[in-house]
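Here is my input, please return the structure:
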Amino acid sequence: MKEKEKEKEPEVRFEKALAELQGIVEKLEHGEQDLEESLKLFERGVKLIAVCSRKLEDAERRVEIVMKARDGKKTVRPFPEEGEGEPEPGEAEEKEGEAR
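Next up is the predicted model:
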């Protein structure tokens with residue numbers, strides 16, 4: 001494995017990643033960079049797309065967890081971290097007033 005692949009980038013907030021991605025798109029659309037700089041921007045953009053996609057998928061799963069309740073009641077369950085399974089229904093916290 002390459003040395004760069006071992007290093008993880010710090011966690012980036014969705015909004016910050018999206019704003020940076022939009023800036024990259026604008027720069028590339030104007031075409032004022034040389035080829036090497038354009039490739040670097042493109043590679044960074046691909047990474048940011050992956051970050052944004054992952055964060056949106058996580059948010060969607062969180063919404064689904066809140067919406068799914070076997071007994072028909074609105075419940076909120078903790079969102080499992082990557083690699084963990086969904087929590088058992090008995091582990092759910094019921095928040096009837098908040099989940100409307």
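
pretty sure V25 contacts V46?
No. With contact defined as CB atoms under 8 Å, V25 does not count as touching V46 (11.9 Å). No exception for glycine: its C-beta is placed from N, CA and C like everyone else's.

The chain: strands as residue ranges?
Here the chain has no strands by DSSP state E.

Buried residues, stretch 16-28. List them.
By 16 or more other CB atoms under 10 Å, the buried positions in stretch 16-28 come out as 17-18, 20-21, 24.

Pull the residues that contact it.
Residues outside stretch 16-28 that contact it (CB atoms under 8 Å, 6 or more residues apart in numbering) are 12, 33, 38, 41-42, 44-45, 48-49, 51-52, 55.

repeat that for 7 Å
33, 38, 41-42, 44-45, 48-49, 51-52 (CB atoms under 7 Å, 6 or more residues apart in numbering).

again, but for stretch 40-54
Stretch 40-54 has contacts (CB under 7 Å, 6+ apart) with 12, 14, 17-18, 20-21, 24, 27-28, 33.
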